[in-house]
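S.K.: Provided below for reference: sequence and predicted model.
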Amino acid sequence: MNTSQALRQESAQPRRCFVVGPIGDQHAAHGSPEREAYEHHLGIFEQVIAPACEKYGISAVRADGIAHAGDINEQICRHVVESDLVVADVSGGNPNVMYELGLRHITGKPTIHIGESGQLPFDIASIRTIRYQRTRSHLAGARKEIESALEAGLRDGFELLTPARVLRGLQAGDGPDSGQEVGDGGEEDEDPPGLLDDFAVIEDGLDDMTADLEAIAKTIETIGALTERSSTELLDLAQANTPASARLAAVVRYAEAISAPAGELNTVADAFVERMATMDSGVRAALGLIEMTPPDERDEGAEEFLEQLMSLDEAAQDGLAQIGFFGTSAGAMVRVSRHLRKPVKEISAAVNQLTAAITRMSDWAAKARALAHGATA
């Protein structure tokens with residue numbers, strides 16, 4: 001009896017694999033990006049994932065292969081959470097895929113990551129990912145790597161991923177027996193923290209993001225005051241018909257004055273965006289967990305978490321309205337003098353980063369509002 005046959009016979013229970021990944025659109029026009037995405041990822045499923053799973057008696061299915069009638073989003077969530085195994089194609093960092101992957105990670109159940117070389121999202125780069133290229137030989141190699149991962153996991157157990165360790169209150173790198181607290185009598189703690197208690201880990205990060213927004217608002221206020229003062233000075237000089245050299249000197253003083261706060265704004269924006277990228281999958285996973293919990297069974301931690309997301313978004317939207325002024329006026333400022341190019345470049349970079357991040361944060365808040373409204377309806 002070979003290895004795959006032996007592993008297949010270890011359990012009489014059927015094993016299920018849900019495949020998470022971009023789907024594309026099979027009904028889109030030939031040659032369109034949506035149709036090409038559909039054909040590519042269907043090929044990965046049929047040539048790589050399904051054969052590897054079949055070798056060990058595992059039945060693989062994609063979202064478009066779910067046969068039961070009903071709410072497709074609910075079915076996908078249930079497959080993500082309940083399936084014995086998930087294989088996730090993270091190519092391109094598709095937002096839906098990353099959300100489903102984050103939800104899967106907190107379950108601690110077996111998960112295998114694959115992705116096309118050069119298309120892997122940076123924020124999960126630390127997690128081992130089987131890479132493939134669009135050639136027959138590389139696809140065959142990827143299938144063998146999945147088979148090896150399945151063989152090792154079925155034989156030795158699949159590793160618990162870091163998000164599950166964090167949300168379950170474990171320390172990264174702990175062994176399977178070290179995640180339980182022991183009381184004075186050497187027995188297991190009868191009151192271990194639940195997943196909602198462990199939202200404190202995420203909430204600490206949200207607190208840091210709130211502090212970032214406060215620092216951003218303060219810096220924008222400083223730049224705004226300096227800009228208003230400089231504008232008044234330049235207007236007075238123009239009305240007095242002073243030489244261009246005098247007006248240029250005023251612009252140079254303004255450029256020097258805003259250089260430090262512009263650099264600070266860019267630094268804080270970098271920190272905010274990096275924190276956002278790190279938090280995104282965990283926040284989406286937490287929201288998915290709350291969504292699956294009946295409103296009357298949620299504890300105070302869940303409600304406070306939703307409230308924190310909504311409050312953070314309100315603060316972020318206020319900041320976005322403030323930085324919008326700098327985004328629209330940056331080009332005109334640069335045309336005044338070359339001395340403004342460096343600080344304006346830093347302000348523009350910060351504006352672009354913050355606009356994208358705050359827009360992404362709005363998705364968190366929209367989900368939080370929907371869940372909070374559903375609980376009070």
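M.R.: Arrived safely, thanks for sending.
S.K.: C-alpha only now, for contacts and for neighbours.
M.R.: OK.
S.K.: Quick check: which ranges of the stretch 251-377 of the chain have low pLDDT?
M.R.: Scanning the stretch 251-377 of the chain for pLDDT under 70 picks out the ranges 281, 322-336, 375-377.
S.K.: how about the helices of it, start to end?
M.R.: 300-336, 341-376 (DSSP state H, counting those that start in this stretch).
S.K.: The last one packs against which elements?
M.R.: Which is helix 341-376. Counting contacts by 3 or more CA pairs under 8 Å, 6 or more residues apart in numbering; DSSP states H and E, helix 341-376 is packed against helix 244-292, helix 300-336.
S.K.: Adding mean neighbour count and distance to residue 32, write these out as CSV.
M.R.: As requested, these are exported to CSV (neighbours: other CA atoms under 10 Å; distance: least, CA to CA, whole Å):
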stretch, mean neighbour count, distance to residue 32
helix 244-292, 18, 29
helix 300-336, 17, 34
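S.K.: Now tabulate those helices in TSV and tack on distance to residue 93.
M.R.: Shown next, in TSV, are the helices and strands packed on helix 341-376 (distance: least, CA to CA, whole Å):
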stretch	distance to residue 93
helix 244-292	11
helix 300-336	23
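S.K.: which one of those helices lies closest to residue 26?
M.R.: Closest to residue 26 of the helices and strands packed on helix 341-376, according to CA to CA: helix 244-292, at 27.7 Å.
S.K.: Let me know the angle separating the closest one from helix 341-376.
M.R.: Between helix 244-292 and helix 341-376, the angle comes out at 20 degrees (axes from the mean of the first three to the mean of the last three CA atoms, to 10 degrees).
S.K.: Next one: the most centrally placed residue in the chain from residue 360, what distance?
M.R.: Residue closest to the average C-alpha location in the chain (CA atoms, centre = their mean): residue 280, at 3.1 Å. Separation of residue 280 from residue 360 (CA to CA, to the nearest Å) stands at 9 Å.
S.K.: Same check on residue 231?
M.R.: 34 Å.
S.K.: One more: residue 221?
M.R.: Distance, residue 221 to residue 360, using CA to CA: 24 Å.
S.K.: Quickly list the domain ranges of the protein.
M.R.: Domains of the chain are assigned by automatic domain parsing as 3-167, 199-376.
S.K.: Which residue lies closest in space to residue 317, excluding its sequence neighbours?
M.R.: Distance criterion CA to CA, 6 or more residues apart in numbering; nearest residue to residue 317, sequence neighbours excluded, is residue 358 at 7.2 Å.
S.K.: what's around the one you found, how many residues?
M.R.: 21 (other CA atoms under 10 Å).
S.K.: Show me what counts as buried in stretch 140-160.
M.R.: 141-147, 149-151, 154, 158, 160 (16 or more other CA atoms under 10 Å).
S.K.: pLDDT (mean, whole number) over stretch 76-87?
M.R.: For stretch 76-87, mean pLDDT is 88.
S.K.: what about that stretch, distance to the chain center?
M.R.: How far stretch 76-87 lies from its chain's middle: 19 Å, per CA atoms, centre = their mean, to the nearest Å.
S.K.: now stretch 278-293
M.R.: Chain-centre distance of stretch 278-293: 10 Å, with CA atoms, centre = their mean.
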